[in-house]
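[1] Build the 3D model from these lines:
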Amino acid sequence: MVAELRTCIRTNLDCADICETTARVLSRHTGYDANITRAMLQTCMTVCRSCADECGRHADAHEHCRVCAEACRQCAVACDELMAALG
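    You can find the predicted model right below:
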């Protein structure tokens with residue numbers, strides 16, 4: 001079923017890379033640039049929503065896709081809440 005899930009796999013990998021990079025940038029203790037932080041959060045929200053949508057297409061057939069879709073939705077919400085807190 002790899003061919004059927006190719007886009008899903010690619011989206012998952014992109015999402016993981018972007019989320020990891022965002023977390024690394026946001027965890028620095030040397031201060032932050034609000035413009036960069038907002039851009040990183042926006043990018044993370046966008047890719048998480050895309051990944052949640054893609055995984056959601058396969059959630060009925062694959063439990064791991066259902067779990068991934070839910071985790072991505074929660075991550076997008078967390079990024080949105082952090083962006084709102086930044087003002």
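[2] contacts and neighbour counts: CA atoms only from here.
    Fine.
[3] most distant residue from the middle of the protein?
    Distance from the centre of the chain peaks at Thr30, with 24.3 Å (C-alpha atoms, centre = their mean).
[4] phi, psi of it?
    phi -100, psi 20 (degrees, to the nearest 10).
[5] For the residue nearest in space to the middle of the chain, which three-state class applies?
    Centroid-nearest residue in the chain: Cys48, 2.8 Å away (criterion: C-alpha atoms, centre = their mean). Here Cys48 is recorded as helix under DSSP: H, G, I helix; E, B strand; the rest coil.
[6] so who does it touch?
    15, 72-73, 75-76 (C-alpha atoms under 8 Å, 6 or more residues apart in numbering).
[7] model confidence over stretch 6-17, on average?
    Mean pLDDT, stretch 6-17: 95.
[8] Buried residues, that stretch. List them.
    Buried residues in stretch 6-17, counted by 16 or more other C-alpha atoms under 10 Å: 8-9, 11-12, 15-16.
[9] Same check on stretch 71-87?
    72-76, 79-80, 83.
[10] Now the two most distant members of those.
    Cys72 and Met83 (16.4 Å; C-alpha to C-alpha).
[11] Leaving out the residues flanking it, which one is nearest to Ile18?
    Cys44 (6.2 Å; C-alpha to C-alpha, 6 or more residues apart in numbering).
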